[in-house]
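*Asks:* Sequence and predicted structure, then a few things I'm wondering about:
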Amino acid sequence: AQSVTQLDSHVSVSEGTPVLLRCNYSSSYSPSLFWYVQHPNKGLQLLLKYTSAATLVKGINGFEAEFKKSETSFHLTKPSAHMSDAAEYFCVVSDQSGGGADGLTFGKGTHLIIQP
Amino acid sequence: DVKVTQSSRYLVKRTGEKVFLECVQDMDHENMFWYRQDPGLGLRLIYFSYDVKMKEKGDIPEGYSVSREKKERFSLILESASTNQTSMYLCASSFRKDIFTRNEKLFFGSGTQLSVL
């Protein structure tokens, strides 16, 4: 069985400061991990994806995430927040062993607020 | 770029009505999905399809059905709408690399906000 926990429902940072969105997972197998972003009134868009290659994954818009197996974490970071980063972020795990019927398990989301 | 188009951005329906939500993708993807998104609950899978005329139940299929008569189109049907089906509905599609790999990158539509009164 697999699960994913986004540790913060809301994160607020000032423009220009670092962003950290936390995600922990559990998986019986070697998982694939994803971060998706959803801007207001838009569908979800893939930010980045980890599939057992390099543990530090670079995504779009300056975001990156590090897969840490020992900590079962896949936290999303960005060195300097921009106003356009304000959105909902979803961590997703897949090990094709369970979770949702399609093998994907979505976190409940983290709402990122950027203060001017 | 892949485009996933949902026919309506907002819908308001009455309890008991039959509701059709349409989704079309233009990249010849094999896989198509319907999710509902509710605050604090993330995305929950309703139904998915890996091929034309093929459908499989997701985690919360009760009260819904689907139709996939053509590869590019995947319809979600609420047979008799109820107030607890008020939600944001998201359609997604993906390419299937092979029969063993199901979870490639998903492309999402912009969503349909359905209100059932």
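*Replies:* Nice, thanks for sending it over. Numbering: from 1, shown residues only, chains lettered A, B, ... in the order given.

*Asks:* Identify the residue nearest the closest residue to chain A within chain B in space, chain neighbours excluded?
*Replies:* Closest contact between chain B and chain A, by C-beta to the nearest C-beta, is at B:Phe108 (3.2 Å). Just so you know, the C-beta spots here come from the backbone N, C-alpha and C atoms, and that holds for glycine as well. Of all residues not flanking B:Phe108 in the chain, A:Gly43 sits nearest, at 3.2 Å (C-beta to C-beta, 6 or more residues apart in numbering or on different chains).

*Asks:* in terms of contact, does that neighbour touch B:Leu90 like I think?
*Replies:* Yes: proximity of A:Gly43 to B:Leu90 meets the contact threshold set by C-beta atoms under 8 Å, at 6.0 Å.

*Asks:* How about the residues of chain B by chain A?
*Replies:* B:4, B:9, B:33, B:40-45, B:48, B:56-59, B:90, B:92, B:102-103, B:105-106, B:108-111 (C-beta under 8 Å from any C-beta of the partner chain).

*Asks:* where exactly do the strands run in the chain?
*Replies:* All of this refers to chain A. Using DSSP state E, the strands of chain A run over residues A:3-6, A:10-14, A:19-21, A:23-26, A:32-38, A:44-50, A:56-58, A:64-68, A:73-78, A:87-94, A:104-106, A:110-115.

*Asks:* Chain B was what I was after
*Replies:* B:4-6, B:10-13, B:19-21, B:23-25, B:31-38, B:42-49, B:56-57, B:64-70, B:73-78, B:87-94, B:107-108, B:112-116.

*Asks:* so how many other residues sit close to residue 69?
*Replies:* Using chain A here. Around A:Lys69 there are 11 other residues, counting by other C-beta atoms under 10 Å in any protein chain shown.

*Asks:* switch to chain B, that's the one I care about
*Replies:* Neighbour tally, B:Glu69, other C-beta under 10 Å: 9.
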